[in-house]
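*Asks:* no sequence on hand, only this structure:
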């Protein structure tokens with residue numbers, strides 16, 4: 001972490017915390033299975049029931065951490081303070097509420113003083129987790145000895161789950177009496193698209 005990204009570059013301890021790529025729990029599962037239907041069938045029934053395969057990718061993971069911030073006033077900018085955090089209020093909790101309109105409890109933090117860098121550490125709040133399942137269904141039909149037909153049906157985020165991005169993480173402005181910013185804790189975007197389906201036919205010869 002270079003000086004430009006440190007909270008206060010004269011003191012490296014102020015920048016200690018979890019890696020931004022820290023995921024406490026991750027499940028990634030890929031599968032491919034040839035469906036056993038129609039292998040003993042002939043004629044039209046054999047063509048319709050045989051040759052099917054299902055595949056998919058399932059990803060489930062906890063969120064990654066992020067840092068709560070307070071804006072840096074001019075007095076600290078002159079002292080090479082690049083960023084600062086709010087002060088955590090002892091005993092206040094729970095911090096993470098989970099909803100997109102109020103992901104964390106902003107009332108558990110107070111504004112740092114005019115020349116304080118804040119006592120909250122780096123990457124101390126964990127963001128929303130995500131679940132994505134992208135299944136697919138394939139069928140290969142041999143029309144002649146040299147010609148085959150492949151059908152594909154694929155789904156992306158088939159569960160249509162809203163995987164949220166990070167909430168607004170700046171709690172206090174750097175002017176006047178350091179008013180709390182009303183949008184703090186609000187999530188306005190997602191990290192995955194809504195459910196998408198696509199179909200394709202391919203002639204192979």
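*Replies:* Cool, the structure landed. Note that the coordinates shown come from a computational prediction; the quantities given were computed from them, not determined experimentally.
*Asks:* which stretches of the chain have low pLDDT?
*Replies:* Applying pLDDT under 70 to the chain flags the ranges 1-11, 14, 43, 46-47, 175-178.
*Asks:* in its sheet, what does the top strand by length along the chain sit against?
*Replies:* Longest strand in the chain, counting residues (DSSP state E): strand 130-142. Sheet pairing of strand 130-142 (DSSP bridges) gives strand 52-61 (antiparallel), strand 148-156 (antiparallel).
*Asks:* how about residues contacting that strand?
*Replies:* Strand 130-142 has contacts (Cβ atoms under 8 Å, 6 or more residues apart in numbering) with 47, 51-61, 63, 148-159, 161, 163, 191-192. (C-beta placed from N, C-alpha, C; glycine too.)
*Asks:* out of the strands paired with strand 130-142, which is closest to residue 186?
*Replies:* Of all those, it is strand 52-61 that lies closest to residue 186, at 22.7 Å by Cβ to Cβ.
*Asks:* and the closest one, what's buried?
*Replies:* Neighbour-count burial for strand 52-61 flags 52, 56, 59, 61 (criterion: 16 or more other Cβ atoms under 10 Å).
*Asks:* what's the answer for stretch 108-125, then?
*Replies:* Neighbour-count burial for stretch 108-125, counted by 16+ other Cβ under 10 Å, picks out 108, 109, 110, 111, 112, 117, 118, 120, 121, 122, 123, 125.
*Asks:* got the phi/psi numbers for the nearest residue to the fifth one once chain neighbours are set aside?
*Replies:* This points to residue 112. Closest residue in space to residue 112, ignoring its immediate chain neighbours: residue 118 at 4.2 Å, by Cβ to Cβ, 6 or more residues apart in numbering. Per-residue torsions, residue 118: phi 90, psi 150 (degrees, to the nearest 10).
*Asks:* got a list of what residue 118 touches?
*Replies:* 70, 84, 85, 86, 87, 112.
*Asks:* which strand or helix spans residue 76?
*Replies:* Per DSSP states H and E: residue 76 is located in helix 74-77.
*Asks:* so what touches that helix?
*Replies:* So helix 74-77 is contacted by 84, 114, 115, 117, 174 (Cβ under 8 Å, 6+ apart).
*Asks:* and of those residues, the nearest to residue 96?
*Replies:* Taking Cβ to Cβ as the measure, residue 96 lies nearest residue 84 of the contacts of helix 74-77, at 21.4 Å.
*Asks:* look up how far residue 179 lies from the closest one.
*Replies:* For residue 84, the distance to residue 179 (Cβ to Cβ, to the nearest Å) stands at 16 Å.
*Asks:* count of neighbours near residue 142?
*Replies:* Residues contacting residue 142 under the criterion other Cβ atoms under 10 Å number 13.
*Asks:* quickly find the element holding residue 145.
*Replies:* For residue 145, there is no host helix or strand (DSSP H and E).
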